[in-house]
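[1] I would like the atomic coordinates for the input below:
(chains A and B)
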Amino acid sequence: MKHIMRALATPVIASLLAIIIGGIIAAAIGYNPLQVYGALISGAFGNAANIGYTLAIATPLILIGLGIAISFRAGLFNIGAEGQYWVSVMAATWVGYHFTGLPGWLHVILCLVVAMLVGGLWAGIIPGLAKAYRGAHEVITTMMMSYTGILLCKYMIEDGPMRKPGYIPESYPIPQNTWLPTLIPQSQLTIGIVIAIVAVVVVWFVLFHTTLGFQLRVVGSNPRAARYAGIRVPLYTVLALGISGVLSGLAGGVQLLAIDHRLAEGFNTGYGFTGIVVALLARNNPFGVIVAAVFFAALSTGGQNMQQVTNIPASLTDVLTGLIIFFVAAERIVPQVIQWYKRWTSRASTSISEEGPKPA
Amino acid sequence: MRIQMVASAAAVLTFGALLTGCGTAANNDTNNAGNTTGAAPKSNFKVGLVTDTGGLNDHGFNFLSNQGLQQAVKQLGVQGAVVQSQSANDYVPNLQRFARQGYNVVIAVGFLMDDAVKQVAPQYPNTKFLIIDDPIQGIPNVTSAIFNTEQCGYLVGAMAGLLEKQGKLPGLNSKNMLGVVGGQAIPPVTSYIAGFQQGVAKTDPGATVEVKFANSFSDQALGSQIAQQEINDGADILFQVAGGTGVGVINAAKSKHVYAIGVDADQAYLAPDTILTSAVKGVDTSTFDVIKQAVNHQWKSGIQYFDLKNNGVGLGTVNPKVPQDVQKQVDQLAQQIKNGTITVSPNMK
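    Numbering: from 1, shown residues only, chains lettered A, B, ... in the order given. Just a heads-up that it's a prediction; the model follows:
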């Protein structure tokens, strides 16, 4: 219990501080913060449809955040999830509109598997091998691979072979029997969320209840000790980045089958980067990733409603996100603040209650 | 111990939030002041506008569409609300949310929302949808505003051709060459360029028009780079149809002391000496017109064309350096397009 509270303290306080400063900013530019946050919360969770929007956005964030959390656990920073997400969508789209003769369920599985393999390849094989055997820093290589991937996808739909002739640059659509079934009517929430939650449970089990997970974490906390203990560090480097990419790829596959149904500019949502913040806020805990992803998804959908109801610019939600990242990253501020508070209350309480033993 | 501490810290912080909230509850009335003195009486007619990811400060159609909405708020007394989409995944929820809240008209700005409108409109048959720049037919509660931008493209092309032929404008060379920078080879862009080519061919048949595409609507540096190439090739009047990329084109023209032509909005303010005129797309007028139709129960579904005749397209501010006789000839051509003597094709050569 104590240990859970301690883990929760930093992210919760960081979020609260950000929300308070956001409220002050909203007030300073002439809006009522209570009204603004009211619209934000009702926009995110106010009715079934809004909950549907929020969870629909949370789905890719959970999967990508989960992948990034795994690489962090192994001491690696996979910053290129955005590109892994794009290329896996490209591959899944191609499989989607080429093999139209398959039964729906098999086709869905094929698309998801291809997406995962391609995502894993883009993150694990090239940057992973380069890191493991040549020491090329994964922050550089995953980022570069990300740009390459995104530009390749854009080429494919703008001038390349996947472009559907017509008005808008986009690929051919995938057949309707591969679309994931919707959970709430007229919303974008599909069984993709179930896939994401299953992935979280699997990752949690692998990380904390298998030898593979243990060795991954050992490599992350001290690669030299890991090598001394006979763990094959290069193998785990490739594996960690690869699994990370597999999950980004799964996110892309699910997003394609659930919402977009084709490769288009619409994939330009920055989920690959928000996923980094999700992993940070969750402190790389698989279940924390669910909470953090829902939180950022709620900021996004609630932010749109907030704009609609109160006319406040939606960029306030960007400000909030930025503040949260700041406070999470500068996590040492939080214990410092707690310490000041402690000193202040202990001074206050000693001056009041001079007799009697102090409560422990 | 630790739990207590965290809990009390949280309590203090929450209390702080409440205090901040109370302190400013009084000044939120100013936000809804769309309807000021002299305006039409406020009606219950509600209009929601969803921008694409370009946002309201795009110097282009999102901005203009909102101008049209604000005009409707002032003159027709409708209630207006705007939401700027942060990402493409916001389009469907934003359209649905307005529809579910009982908005009478929902405006989707831009062809990027094509899929979203096709998906949402049939779900809410009692809400009317307007989509800008994208042809949707066969859904009774959807109207599409399409602009015959080849016509204003033709006029700016004709003006550029006349100026090249005269060669009197300071800074023009003798190569008789014009440059075009397009954002992407998609119909809303190519129709402008098609008109431009035909306009130049009409007034200055010997001129060459160099057309290049940036494949981006947001890369100013790239726009500037492409413009430099065209200027080095000898182009001295540049027509940009490239959104944010086009701002780079205008800047390059300015620094090389040649001329540029603006697009969509009246862009003279961006570089008053450099910009000869702008090929203007009346997204504001069309938005206003369609809202008015809906208010007056004259809603038309399907495609509505906006052209020179109904002020849907036209010319922006004309640079005083452009001689009177040139302006007069351009006006005559505009007349001829309006009365059908000249027809301009929207397809590029």
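
[2] where exactly do the strands run in the stretch 201-349 of chain B?
    Counting by DSSP state E, counting those that start in this stretch, the stretch 201-349 of chain B has these strands, from start to end: B:208-213, B:237-241, B:259-264, B:275-281, B:302-306, B:313-315.

[3] any idea of the pLDDT on residue 187?
    By default, I'm working from chain A. Note for A:S187: predicted pLDDT of 78.

[4] you looked at the wrong chain, it should be chain B
    Looking at B:P187, its pLDDT reads 84.

[5] residues touching it, list them.
    With contact taken as Cβ atoms under 8 Å, 6 or more residues apart in numbering or on different chains, B:P187 is in contact with A:167, B:346. For the C-beta atoms, the positions are set from N, CA and C on the backbone; glycine is no exception.

[6] If we use 6 Å, what do you get?
    With contact taken as Cβ atoms under 6 Å, 6 or more residues apart in numbering or on different chains, B:P187 is in contact with A:Y167.

[7] For chain A, what is the nearest residue in chain B?
    As assessed by Cβ to the nearest Cβ, chain A sits closest to B:A88 within chain B, at 3.3 Å.

[8] so which residue of the stretch 251-360 of chain A comes closest to chain B?
    Nearest residue of the stretch 251-360 of chain A to chain B, counting by Cβ to the nearest Cβ: A:G266, 3.3 Å away.

[9] quick one: B:I131 and B:V109 touch, right?
    No. Distance between B:I131 and B:V109: 8.0 Å, which falls outside the contact criterion (Cβ atoms under 6 Å).

[10] hang on, the earlier thing: how about a markdown table for the strands of the stretch 201-349 of chain B, with mean neighbour count added?
    Conversion of these to a markdown table gives the following (neighbours: other Cβ atoms under 10 Å in any protein chain shown):
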| stretch | mean neighbour count |
| --- | --- |
| strand B:208-213 | 18 |
| strand B:237-241 | 29 |
| strand B:259-264 | 29 |
| strand B:275-281 | 26 |
| strand B:302-306 | 16 |
| strand B:313-315 | 23 |
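
[11] A:G160: which of those strands is closest?
    When these are ranked by proximity to A:G160, the top entry is strand B:208-213, at 14.9 Å, counting by Cβ to Cβ.

[12] Against which helices or strands is the closest one packed?
    Using 3 or more Cβ pairs under 6 Å, 6 or more residues apart in numbering or on different chains; DSSP states H and E, the elements in contact with strand B:208-213 are strand B:177-182.

[13] again, 8 Å this time
    When contacts are defined as 3 or more Cβ pairs under 8 Å, 6 or more residues apart in numbering or on different chains; DSSP states H and E, strand B:208-213 packs onto strand B:177-182, helix B:187-203, helix B:220-233.

[14] neighbour count winner among B:I131 and B:V109?
    Counted by other Cβ atoms under 10 Å in any protein chain shown, B:I131 and B:V109 do not tie: B:V109 has more neighbours, with 32 against 26.

[15] So that one sits against B:S65, correct?
    Yes. The pair B:V109 / B:S65 is scored as a contact, 4.8 Å apart, by Cβ atoms under 8 Å.

[16] need the helices for the stretch 201-350 of chain A, in chain order.
    Applying DSSP state H, counting those that start in this stretch to the stretch 201-350 of chain A gives helices spanning A:211-221, A:223-228, A:233-255, A:271-281, A:286-310, A:315-329, A:333-352.

[17] what's the average pLDDT for the second one?
    Mean pLDDT, computed over helix A:223-228, is 90.

[18] For that helix, give me every contacting residue.
    Residues contacting helix A:223-228 (Cβ under 8 Å, 6+ apart): A:75, A:215, A:218-219, A:233, A:236.

[19] Can you select the buried ones among these for me in PyMOL?
    Selection of buried members from the contacts of helix A:223-228 for PyMOL, criterion 16 or more other Cβ atoms under 10 Å in any protein chain shown:
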select buried, chain A and resi 75+215+218+219+233+236
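
[20] Show me which pair in the contacts of helix A:223-228 is furthest apart.
    Greatest spacing in the contacts of helix A:223-228, by Cβ to Cβ: A:G75 and A:Q215 (12.2 Å).

[21] which residues touch A:V118?
    Contact analysis of A:V118 by Cβ under 8 Å, 6+ apart lists A:87-88, A:90-92, A:249.

[22] what's the distance between the residue of the stretch 251-360 of chain A closest to chain B and B:D52?
    From A:G266 across to B:D52, the span is 11 Å (Cβ to Cβ, to the nearest Å).

[23] overlap in contacts of those two?
    B:L112.

[24] Which residues of the stretch 201-350 of chain A lie near chain B?
    Residues of the stretch 201-350 of chain A lying close to chain B (Cβ under 8 Å from any Cβ of the partner chain) are A:259, A:264-270, A:300-301, A:303-305, A:307-311, A:313-314, A:317, A:337-338, A:341-342, A:345.

[25] change it to 7 Å
    Contacts of the stretch 201-350 of chain A with chain B, taken as Cβ under 7 Å from any Cβ of the partner chain, map to A:259, A:265-266, A:268-269, A:300-301, A:304-305, A:307-308, A:310-311, A:314, A:338, A:341-342.

[26] now those residues: which count as buried?
    Buried members of these, counted by 16+ other Cβ under 10 Å: A:259, A:266, A:268-269, A:300-301, A:304-305, A:307-308, A:310-311, A:314, A:338.
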